[in-house]
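Chemist: fold the following for me, if possible:
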Amino acid sequence: MDSGFPPALPHRIAAAGRIPLGVAVVDRHGIVSHWSAGARQLFGHSAPEAVGRLGGDLMPVSGGLAAAEPSRAHDAAAHGAGGTRAPAHPAAGRATVHAPDGARTDILWWTYPLGAARGHLVLAADGRGLTRGGSPVSPSGPRVMPGFARHTRFPDGRGLAERLPSIMPAMSRSEAARITARVLELGYPVLEFSHHQVPLTPVRQVPRQAGRACAVNAASL
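Modeler: Next up, the predicted model:
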């Protein structure tokens, strides 16, 4: 079946799975407790500005945060069921927001409940390059969507699991290990398109100037 992508594009999108992520943790009240450099680049708020504020005011992940948060309709293609309360399982979706530089940014996001009264982990990525991969994609073709899969189904599943703690922002090893175990239990974050699933490969956030160079390189994929 025709996937809607040029023949070489799946390989380019697979390479684009290695992208910087914005990472945040919110407590059971929806208040931000941890905020990464990647989150700052995506949403325009530094860690001192973000910590202590409501995550739903800073990130477009309505319906995917604290258990007491009323669910609201979000992208129809987002994963997870609707309801009167936020899901007790991982959720994912996409939203268009204005980046700190004023450009419209297509955000892909994943949220994970961290257990009884422990809040949620939020992962987010800039999806603008992923929808194009440097080649024209038919408007009627499938979009890249966020999803979940067992990490063990990928050839480098063990490596994915071992690298995941490195992206957790400013927390102890034990806390990072606990959150990593929860992510692996609920489903590893992936990019979905047509019949393909591409795992996100965690990378450390780089300085701003180097980040700009990486963004240029990613756009050429």
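Chemist: where do the helices sit along the chain?
Modeler: Taking DSSP state H as the criterion, the chain contains helices spanning 9-16, 37-43, 47-50, 55-58, 157-163, 173-186, 208-219.
Chemist: pLDDT (mean, whole number) over the last one?
Modeler: Yep, that's helix 208-219 we're talking about. Averaged across helix 208-219, pLDDT comes to 38.
Chemist: quick one: pLDDT of Thr96?
Modeler: What the model reports as pLDDT for Thr96 is 84.
Chemist: do the same with Met59
Modeler: At Met59, the pLDDT value in this model is 92.
Chemist: my read is that it contacts Trp109, right?
Modeler: Yes: applying C-beta atoms under 8 Å as the test, Met59 and Trp109 come out as touching, 7.0 Å apart. The way it works is simple: take the backbone N, C-alpha and C, and place the C-beta from them, glycine included.
Chemist: pull up the overlap in contacts between the two.
Modeler: In terms of C-beta atoms under 8 Å, 6 or more residues apart in numbering, Met59 and Trp109 are both contacted by the residues 122, 124.
Chemist: strands paired with the longest strand anywhere in the chain, and their directions?
Modeler: Longest strand in the chain, counting residues (DSSP state E): strand 104-113. Paired neighbours of strand 104-113 in the sheet (DSSP bridges): strand 91-98 (antiparallel), strand 120-126 (antiparallel).
Chemist: between those strands, which gets nearest to Gly52?
Modeler: Ranking these by their distance to Gly52 (criterion: C-beta to C-beta) puts strand 120-126 first, at 15.6 Å.
Chemist: relative to helix 173-186, how tilted is that closest one?
Modeler: Strand 120-126 and helix 173-186 are oriented at 80 degrees to each other (axes from the mean of the first three to the mean of the last three C-alpha atoms, to 10 degrees).
Chemist: so what touches strand 120-126?
Modeler: Residues outside strand 120-126 that contact it (C-beta under 8 Å, 6+ apart): 19-26, 38-39, 42-43, 55, 59, 61, 64-66, 99, 105-114, 179, 182-183, 189, 200.
Chemist: any of these buried? List them.
Modeler: By neighbour count, with 16 or more other C-beta atoms under 10 Å, these hold 19-26, 38-39, 42-43, 55, 59, 61, 64-66, 99, 105-114, 179, 182-183, 189, 200 as buried.
Chemist: roughly how far apart are Ile19 and Gly115?
Modeler: Computed with C-beta to C-beta, to the nearest Å, the distance linking Ile19 and Gly115 is 27 Å.
Chemist: among the helices and strands of this protein, which has the poorest mean pLDDT?
Modeler: For the chain, scoring each helix and strand by mean pLDDT, DSSP states H and E identifies helix 208-219 as the least confident one, at a mean of 38.
Chemist: distance check, the nearest residue to Ile167 once chain neighbours are set aside against Ala161.
Modeler: Of all residues not flanking Ile167 in the chain, Pro202 sits nearest, at 4.5 Å (C-beta to C-beta, 6 or more residues apart in numbering). Taking C-beta to C-beta as the measure, Pro202 and Ala161 are separated by 10 Å.
Chemist: the two: which has the busier surroundings?
Modeler: Ranked by neighbour count (other C-beta atoms under 10 Å), Pro202 and Ala161 place Pro202 first, with 23 against 17.
Chemist: could I get the pLDDT score of that one?
Modeler: What the model reports for Pro202 is a pLDDT of 70.
Chemist: and for Thr111?
Modeler: What the model reports for Thr111 is a pLDDT of 96.
Chemist: ok so, going back, wait, the residue nearest to Ile167 touches Glu162, no?
Modeler: No: proximity of Pro202 to Glu162 does not meet the contact threshold set by C-beta under 8 Å, at 9.6 Å.
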